[in-house]
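Q: here you go, sequence then predicted model.
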Amino acid sequence: MSLTLISQSPLSEWGWHDTTAQAQAWTQFMGTWCEDFQEKPTITQAADGEVLALHRGLQMRSVFQPIYTAKTLLEPVAFEALIRAQTIASGQTVRPDLLFANVTSEAEGVLLDRLCRFLHLLNFERQAPGSAALYLNLSTSHLQALQQGQHGQFLTAMHTLCPVDPTRIILEITETQFDYPEMLNSIVCAFKDRGYRVALDDFGARHSNFDRLWALTPDIVKIDRELLLQAHTNLRARKVLPKVVEIIHDLEATVVCEGIETLDQHQLAVSAGVDLVQGFLFARPNRALQQPLPGFHDIV
């Protein structure tokens, strides 16, 4: 799918208001992070306050999936931000994987990754409850494209326009996708030095190993859903899962179990000793930072 479609529809048809000083400041900020040859994104705000991005014929918005304490399932302690995109001309949905797979250059991939994070932070900040944390996914290809010393510069600059405390931001990295382990270690240290927390995503998938875990010392480890599914059907895997959680706890890291869709999976995660849970059983990604669904606590 091409990402270079040009909209022929006026912005007013979409309910956008791009003339405010605030939206102009956001757009100008993103423009300073573009190369001279790149098309600059436009950031705008709808009448209900939602912040949206327009870039290369696409309209992009943030959705958030809540993360709960595994045992109590009370108010969300964090939200994972996810991107949703559709073409402006036709309204056709663009899957997130295709959104990044179809970028035309390394520089465009870096820009798109940064735009998503800025959009998420703006939408989180305007409605963030209390001390809830925000999980932001970082593109592996983007991180490997940057030079040493550049990691974290854009994140720090975002806080000039969106003052969320860095300690409330958790950066998700999928370690198995990195070609150079030494680079990953320096990246994690750079983010931590700036006050951010780091989560390793999809642990237990593909070539994840404990050696990498011990070297990186992440603050949070998100267990891959496949490991939970195996534990649900395989007795040996069920015995191993609590031991995996125990080892991660020994490293003083928090354990998140994501992708939970059934009551049995939730109970299995709780019995394994995980700290936090996330999945369709509790809530689907939503533009609003949502509270538990009606009847939610009946599953506890």
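A: Looks like it came in fine. Residues are numbered from 1 along each chain as shown.
Q: and the gap between Ala237 and Asp36?
A: Noted for Ala237: a distance of 53 Å to Asp36, by CB to CB, to the nearest Å. Glycine gets a C-beta too; all of them are placed from N, C-alpha and C.
Q: which one of those two has more residues nearby?
A: Neighbour count, other CB atoms under 10 Å: between Ala237 and Asp36, Ala237 has more, with 17 against 4.
Q: quick one: secondary structure of that one?
A: What DSSP: H, G, I helix; E, B strand; the rest coil gives for Ala237 is helix.
Q: give the contact list for it.
A: Residues near Ala237 by CB atoms under 8 Å, 6 or more residues apart in numbering: Leu227, Gln230, Ala231.
Q: for it, give its distance to Gln22.
A: 50 Å.
Q: Val256 touches Asp219, doesn't it?
A: No. Using CB atoms under 8 Å, Val256 is not in contact with Asp219, being 10.9 Å away.
Q: who has more neighbours, those two?
A: Counted by other CB under 10 Å, Val256 and Asp219 do not tie: Val256 has more neighbours, with 26 against 17.
Q: by contact count, what packs against the strand ranked longest in the chain?
A: For the chain, the strand reaching the highest residue count under DSSP state E is reported as strand 58-69. Applying 3 or more CB pairs under 8 Å, 6 or more residues apart in numbering; DSSP states H and E, we find strand 58-69 packed against strand 51-55, strand 78-87, helix 106-125, strand 276-277.
Q: in that strand, what's buried?
A: Leu58, Gln59, Met60, Arg61, Ser62, Val63, Phe64, Gln65, Pro66, Ile67, Tyr68 (16 or more other CB atoms under 10 Å).
Q: what pairs with the third one across the strands?
A: Right, the one you point to is Met60. The partner list for Met60 in beta bridges (DSSP bridges) reads Ala53, Ala85.
Q: thinking again about what came up before, between Val256 and Asp219, which contacts overlap?
A: Shared contacts of Val256 and Asp219, defined by CB under 8 Å, 6+ apart, comprise Ala199.
Q: and the helices in this protein?
A: Listed in chain order, the helices of the chain (DSSP state H) span 21-31, 96-101, 106-125, 140-145, 153-158, 181-193, 210-216, 225-233, 235-250, 263-272.
Q: pipe those into CSV and attach distance to Arg168 and mean pLDDT per row.
A: As requested, the helices of the chain are exported to CSV (distance: least, CB to CB, whole Å; pLDDT from 0 to 100):
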stretch, distance to Arg168, mean pLDDT
helix 21-31, 20, 93
helix 96-101, 23, 87
helix 106-125, 9, 94
helix 140-145, 21, 80
helix 153-158, 12, 92
helix 181-193, 14, 86
helix 210-216, 21, 80
helix 225-233, 25, 87
helix 235-250, 22, 92
helix 263-272, 24, 94
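Q: next up, phi/psi of Ala70, please.
A: phi -60, psi -40 (degrees, to the nearest 10).
Q: pretty sure it sits against Val270.
A: Yes. With contact defined as CB under 8 Å, Ala70 reaches Val270; the gap is 5.2 Å.
Q: looking at the two, which is more packed in?
A: Using other CB under 10 Å as the criterion, Ala70 and Val270 rank with Ala70 on top: 21 against 15.
Q: and Gln278, what is it in contact with?
A: Per CB under 8 Å, 6+ apart, neighbours of Gln278: Gln65, Pro66, Ile67, Tyr68, Glu80, Val256, Cys257, Glu258, Gly259, Ile260.
Q: give me the neighbour count for Leu74.
A: Residues within reach of Leu74, counting by other CB under 10 Å, total 13.
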